[in-house]
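In: Any chance you can model this:
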Amino acid sequence: MPVATYAGREVDVDVEGFFTDPGQWTRDMAPEIARDAGVGDLGPGHWKVVDFMRAQYSEKGTGPTVRVLGKTSGVSVKELYELFPTGPAKTAARIAGIPKPRGCI
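Out: Numbers count the residues shown, from 1 in each chain. A predicted model of the protein is given here:
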């Protein structure tokens, strides 16, 4: 199983870089993951989405799709693409330390 190092800690990831154990994630890892994903510095909008992703994963066992994110997170689909240009649900899930949401390519 692949391993990545964020904030000085090794974590288990899959071949695409998604955490296989979300319990290994800490908030101080997110900025490094975001830079690796090409997002840059995390602002309040990013954190709103990251926190929402983690809450949804905790509640439902999977991260939300872009459509669900846009309808229920308080961040519009347009804003999601501005925050995470390479794919909001997939990129936000990776930064949030959860597995890739179902339905993401």
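
In: Low-confidence regions, the chain specifically.
Out: Scanning the chain for pLDDT under 70 picks out the ranges 102-105.

In: any chance you could map the strands in it?
Out: All strands of the chain, identified by DSSP state E, fall at 3-6, 9-12.

In: Can you lay out these as JSON lines showing mean neighbour count and distance to Val39?
Out: Any C-beta I mention is one placed from the backbone N, CA and C, and that applies to glycine too. What follows is the strands of the chain, written out as JSON lines (neighbours: other Cβ atoms under 10 Å; distance: least, Cβ to Cβ, whole Å):
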{"stretch": "strand 3-6", "mean neighbour count": "14", "distance to Val39": "14"}
{"stretch": "strand 9-12", "mean neighbour count": "14", "distance to Val39": "18"}
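
In: Of all those, which one comes closest to Val77?
Out: strand 3-6 (28.1 Å; Cβ to Cβ).

In: now the closest one, how far from the centre of its chain.
Out: How far strand 3-6 lies from its chain's middle: 15 Å, per Cα atoms, centre = their mean, to the nearest Å.

In: what do you get for stretch 75-94?
Out: For stretch 75-94, the distance to the chain centre is 9 Å (Cα atoms, centre = their mean).

In: Output the strands of the chain in a markdown table; the columns should cover distance to Glu32.
Out: Below are the strands of the chain laid out as a markdown table (distance: least, Cβ to Cβ, whole Å):
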| stretch | distance to Glu32 |
| --- | --- |
| strand 3-6 | 5 |
| strand 9-12 | 10 |
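
In: Which among those strands is found nearest to Leu83?
Out: The closest of these to Leu83 is strand 3-6. By Cβ to Cβ, the value is 19.9 Å.

In: Name the residues that touch that closest one?
Out: With contacts defined as Cβ atoms under 8 Å, 6 or more residues apart in numbering, strand 3-6 is touched by Glu10, Val11, Asp12, Val13, Gly17, Met29, Glu32, Ile33.
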